[in-house]
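# need coordinates for the following:
(2 chains)
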Amino acid sequence: MVAVLAALRDEQCGYTLRKTLAEHGMAIDEGTLYPLARRLESQGLLASQWREEDKRNKRFYRLTSEGALILEQLLCEWQSIDASLRAVLKEQGNGTDRAISASR
Amino acid sequence: MELIERYLQAVKFWLPKEQKQDILAELRDDIHAQMEAQETELGRLLTDSEVEALLKQRGRPLLVATRYLPQEYLIGPALFPIYLFVLKVVALCYLVPWVLVWIGMLIYSPGYRAVQGAHSWVSAVGSLWGSLWLTAFVTTGVVTIVFAVLERTQAKSHFLEDWDPRKLPPVRDPNRIRLFDSIVELVVNLFVFGWWAQNMASPIVLNHPALRITLAPVWSYFFWGFLVISLVNASLAVVNLMRPYSTKLRASIRLASDAAGSGLFCWLLKANVLTEFAPANVTAAKALELTNAINWWMAKTLPAAIIMCVVILVMNAFKVWRATPAGISTHQGTVAAA
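Residues are numbered from 1 along each chain as shown, chains lettered A, B, ... in the order given. The predicted structure follows:
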């Protein structure tokens, strides 16, 4: 969800959004992505618009101002979790190193 | 292209009505965009089998459509364990007794046997099987409907969130004997002992102008047997009052007492103990007929009595196995010497 919101800071249609995410190592299948985009739109975090491009009607999604606010909060939360996890891993890593040294 | 339209038509069937066209247009665009990307990469149009593979990779139309639908449960994960528990209780407390009563009726009631069309054992089993499935289906259906209604109402009432830790039941100790149980047992057994000693000592148990009941000499065994058993049970209740923890010794005494009581009771049913049952307004021949009929019916109930006694004895044997050797309560740290 964070990745989808972040990728839609620039307006994109569903297919290009999928490609963008896949190129960044976050492949999401269309059966998950489109329903998720619809839910986020119904919550007011995304806005969409049908437009013709390359002789085909496409639906373009973009982040709303409310979505930008939520994205900001989610990124803060994610960074806090990331920092906590790193601290735990570092502590355990030190513990494991001590255990290995002691066994030697 | 026809394959894509067939795929979209199959997805459309399951989609929510108000979003059908919108979702289909987006899906169609996504499929075409994917096809175009592949065609650009290959430098040619996709073959039918490649289109087929592309659609197959997207998933079955029903699964694709359900991802757009709200997640709904007939019975949700919060209520499901309670639902399963209730179904088990219903099976144990309703279906099993229902089968036993059905078998009993089939054995003892020729009229019921005729109504059920069970003239042989094969047709009886067939009839039981059919009735059992119908009963199981109806009971399961009723329980499921009740829980489906609860599922819908609990979202509004929030009764699962509204709870008080202080109202939780106390920690159970299976070896602890409740004070109330011991008092009830003591009172009942003392009453039975007094009444039995007062009224059942003589083989002529009732000598009223309206009715005379006389028992066979073998009655004295039953009289003394039940008298001793009620005395043992009353003594056990007194000990349990003072030391309310089940021990192997006391559980074994209870098992022996119940085994003796069960044996006596089953023997009583088979012993033709009634020698005279004479209401004042019937002839001697009719009274004899009545006496024989009562003895016959008592003997007929023997199989059911044996089943009941076996159940009681198995439960008591389990209590002996479960009881701690010296009556040590694992939860309270209290020690009760046997």
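# helix, strand, or coil at residue A:59?
strand (DSSP: H, G, I helix; E, B strand; the rest coil).
# my bad, residue A:9
coil.
# now the residue of the stretch 151-300 of chain B found nearest chain A: which helix or strand?
Nearest residue of the stretch 151-300 of chain B to chain A: residue B:155, at 18.8 Å (CB to the nearest CB). Every C-beta, even on glycine, is put in place using the N, C-alpha and C of the backbone. Assigned by DSSP states H and E, residue B:155 belongs to helix B:121-157.
# can you name the residue of chain A nearest to chain B?
Proximity of chain A to chain B (CB to the nearest CB) peaks at residue A:15, 3.9 Å away.
# so what's the residue of the stretch 151-300 of chain B closest to chain A scoring on pLDDT?
We have a pLDDT of 72 for residue B:155.
# centre of the chain versus the lowest-mean-pLDDT helix or strand in chain A, how much separation?
Sorting the helices and strands of chain A by mean pLDDT, DSSP states H and E puts helix A:65-103 at the bottom, at a mean of 86. Put simply, helix A:65-103 sits 17 Å off its chain's centre (CA atoms, centre = their mean, to the nearest Å).
# give me the buried positions along the helix holding residue B:155.
For helix B:121-157, the buried set under the neighbour-count rule, 16 or more other CB atoms under 10 Å in any protein chain shown, comprises B:124, B:127, B:128, B:136, B:139, B:143, B:147, B:148, B:150, B:151, B:154.
# which SSE is immediately downstream of that helix?
Reading on from helix B:121-157 to the C-terminus, the next helix or strand found by DSSP H and E is helix B:179-199.
# the stretch 201-338 of chain B: helices as residue ranges?
Along the stretch 201-338 of chain B, the stretches classed as helices by DSSP state H, counting those that start in this stretch are B:219-242, B:248-270, B:284-300, B:302-322.
# residues from chain A in reach of chain B?
Within chain A, the residues that sit near chain B (CB under 8 Å from any CB of the partner chain) are A:13-15, A:18-19, A:29-32, A:34-35, A:38, A:50, A:56-59.
# now residue B:65. Nearest residue, chain neighbours left out?
Nearest residue to residue B:65, sequence neighbours excluded (CB to CB, 6 or more residues apart in numbering or on different chains): residue B:14, at 3.5 Å.
# I figured residue A:59 was touching residue A:47, is that so?
No - at 10.9 Å, residue A:59 does not count as touching residue A:47 under the criterion of CB atoms under 8 Å.
# quick one: residues contacting residue B:90.
Residue B:90 makes contacts with B:139, B:140, B:143, as judged by CB atoms under 8 Å, 6 or more residues apart in numbering or on different chains.
# got CSV for those, with pLDDT and distance to chain A too?
CSV is the format used below for the contacts of residue B:90 (pLDDT from 0 to 100; distance: CB to the nearest CB, whole Å):
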residue, pLDDT, distance to chain A
B:139, 90, 38
B:140, 92, 33
B:143, 94, 33
